[in-house]
Each structure stands twice: as C-alpha cells, then as structure tokens.
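In: my questions concern the predicted model and sequence given below.
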Amino acid sequence: MSVPLDSADKKILLLAVFLLAFLTFLAVLFSPNNRGSSRGYPSSYSAAPDGAKAAYTLLVEMGYGVERWERPPEDLPNSARNIVLIIAGPVIPSSKDDLRRLKQFVAGGGRLLITGVEGAAMIGAKDVVPPSPQQDTWQTFSAETPSPLTRYAPEISMEAPAYWAHSGAGQIRYYGSDQGATVARLHDGSGDVIWWGSDSPLTNLGITRASNLALFLNCVGSAPGTRILWDEYFHGVRPGLWHYLSNTPLPWAFLQLLVLAAFLVITYARRSGTLRPLLRQPRLSPLEFIETVGALYQRKGAAAGALEIAYARFHFLLARRLGIPSTAPAAQLALRMRERPGWMSPGFAETLEQIESAVRRQQVKEPQALVWVGELYDATHRLGLEG
C-alpha cells in the first residue's frame, strides 16, 4: 500500500536527496590521501630523522626539476633521457608490470636510484645479503673506484646496509667491504641503475654524515636539464578515489544527474513559489525630473529662485551643524566657521554675503548663479553637512 505524500513532504525529500548528492561529491573531491605522516622510510614528506624531506628540499633549492611521483611505473614518461627516478626504501611490493615498466624506463635512457633489499629485488639483483637484526650501527665505507659517482666523496656512512655479495655482468662496484658491495652501478641499454645497500645516506639524519651529500648529488647528476622524480608510490601514497573515478565516465554521469536535479529544483520552485506582484517603474527617473524642473527655471529666467533654494538648503544644514538658529545671517555663519580650523576657505565669507544679498534683492544673472550654486554644493560635501 503506497502512502501519498503531500507537497511539503515531497519538498523535504527532494532537498534531502540533493544534499546527499552534494555531500557525496564534496567527500570524494576533498578526500585526504593521508600524506606526510610517514615514519620508518625516507619519504619526501617526512621531517623525521629517517625521512627525506631535507634531501628533497635541497634539490628544489638547488634548481633541480624535482617532483613527487605518486603514480604507478606504468605512467612514467616514454622519453626517459635526463630523467632520474629515486625509489628510496620501497615498502609496497611491486608487480610484474611494475618491474617490466621500470626496466623499459632504464633501457630508454633513464637513471634509477634504488636502495635496500627490496630495491635489489626490483632490479633482479642476486646474492644480496640483508643486514642482520643486530647490525644497527653506522658503518663507514671508502671509495674503491675513481668515478663521477665518487667525486668529492672519499668516504660514505650507512646504517645497517645490505651487501651485494657477488658481482654480476655489467656491475661496477664503488663502495663496499669484504661482505660485498654497498654502492654499485648497472648499465642497461641507454640508462643505468644505481643501487645503495641502505637508504640512510639520503635521510634527514644521514645526509650530513661523512660524504653522503656528495654521493647523493653525484648520483642525481647536474641540475640543468635534469628532471628528478621522487617516488612515493612504493611508499603507499596512491592517487585518491577522485583520481581513479576521473578516468571513468562516472564524473560525466554524476554531472548530468546534478544538472537534472538542478532543473527539477528550479522547476518545482517556480511552480510552487510565492506569487509576487510586478514592480512598476516610474515614468520619469529622478535625473529626468531634475532636468525638467531646471528647464522650467531656465525658461522663466528665475535664476534667483534656483539660487535661493540652494542657499536655503546650505544655510539650514550649516546652521544645524554649527548649533545656531536657522535665521542667522551670513556674517554670523562666517564668524562661527572661522572658529573651526579648516572650515573657512579663502573668500568663502564674501561669497556667502554676496549670495545672501542677491537672494534678498532677487537679482542675479544665470552664469553667476550657476557658479554660486556650484560653490555651495562643493562646500556642502567638503564640510560633510549631509552626513
């Protein structure tokens, strides 16, 4: 059994549906991505000791074209020359498609700086020995091979590094110990991969130790023309729900529903709103009225009458402001105005007396009357008598 709804209930229901749709849209649009609160890995958002905000900010201040990369490797640029991708301390497992796209990125001329055991697995490195749980101290490693990567970096310091135990084909070792390499480089196609046994040299705490800063800058290369992508995708920072939905037809469908709802609301409001009478505009505007009265005075030659009206209005406003009777003569007005600093302009007292004499005699020419009316108008605004 259906329950009939009256017009008031329908209006409330329609408003509730519209508010629900609007709030859903705002929630999707402004949903947070939970950034900047990372700890335990070198995120460019983190100012913690094991974060990497200092290194990221340094690259920005040095003029590098650096940006945070929060999209999957599938979205990496096709042309990878002069592009450095930094994947420091990845914590999210990578898929086969991710590994395939990273290999294509390097083969296309890109440079990949990647760290740790997880990073070694992403580049297919074999015989990488993870750090032992008891090994949590900082260790110093000396440069072994003269190279642009070791320039101004005779020693580096790492905390709990992994070791690449056996050298593979195409691998160049730059730092390490008897256990294996801690900094190595692989050439692949037109690009290369630089692997660090630990991400600690680029953290907020480690970048100031030994020659870690020089090693980091040597790995990213020179600033002019270099684009640096600092990966946050493998730190768990992923595009929000709105970014996902924007690649589907859903936003257009939602926009059409909003337009339809708006038309329904407007139509219902026009049919159910309060009836109001039409406003009738006056036949003459105030300016046209003033021009009509002015033309009458001009045809009559009553310049003295127009001057009398302007003077009477000024006299009344000024007397009220000065607190004197409205019958006070021009001389008394001038006397009281001189008592107030800045009120009396040069020659204005004589003008008041001339105007009062012309009004009393009802004899004044139109050009002179026009000049005096203008002076009274300016004085009214200058003294703020209308306020």
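Out: Done, it's in. The structure presented is a predicted model; accordingly, all values stated were derived computationally and were not measured. Residues are numbered from 1 along each chain as shown.
In: going forward, measure contacts between C-alpha atoms and count neighbours the same way
Out: Will do.
In: shaky segments in the stretch 1-150 of the chain?
Out: 1-6, 8-9, 30-39, 134 (pLDDT under 70).
In: which parts of this structure are helices?
Out: Secondary structure of the chain (DSSP state H): helices at 7-29, 53-61, 96-107, 116-122, 212-220, 241-245, 250-272, 286-300, 303-322, 330-338, 348-361, 366-382.
In: TSV for those, including mean neighbour count and distance to residue 152?
Out: Formatted as TSV, the helices of the chain follow (neighbours: other C-alpha atoms under 10 Å; distance: least, C-alpha to C-alpha, whole Å):
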stretch	mean neighbour count	distance to residue 152
helix 7-29	13	48
helix 53-61	17	18
helix 96-107	18	26
helix 116-122	21	23
helix 212-220	20	6
helix 241-245	13	43
helix 250-272	12	53
helix 286-300	12	83
helix 303-322	18	83
helix 330-338	16	83
helix 348-361	16	84
helix 366-382	15	75
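In: domains in this protein, by residue range?
Out: 13-29+250-272, 53-239, 286-382 (automatic domain parsing).
In: output those in JSON lines, with distance to residue 280 appended to each entry.
Out: Putting the domains of the chain into JSON lines (distance: least, C-alpha to C-alpha, whole Å) gives the following:
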{"stretch": "domain 13-29+250-272", "distance to residue 280": "21"}
{"stretch": "domain 53-239", "distance to residue 280": "57"}
{"stretch": "domain 286-382", "distance to residue 280": "15"}
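In: closest one to residue 7 among these?
Out: Set against residue 7 and scored by C-alpha to C-alpha, the domains of the chain come closest in domain 13-29+250-272, at 9.0 Å.
In: tell me what residue 194 is bridged to.
Out: Beta-bridge partners of residue 194, counted by DSSP bridges, are residue 113, residue 185.
In: possible to save the helices of the chain as CSV with distance to residue 87?
Out: Converted to CSV, the helices of the chain look like this (distance: least, C-alpha to C-alpha, whole Å):
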stretch, distance to residue 87
helix 7-29, 29
helix 53-61, 13
helix 96-107, 11
helix 116-122, 8
helix 212-220, 12
helix 241-245, 22
helix 250-272, 33
helix 286-300, 74
helix 303-322, 78
helix 330-338, 81
helix 348-361, 83
helix 366-382, 71
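In: excluding chain neighbours, what is closest to residue 64?
Out: residue 223 (5.0 Å; C-alpha to C-alpha, 6 or more residues apart in numbering).
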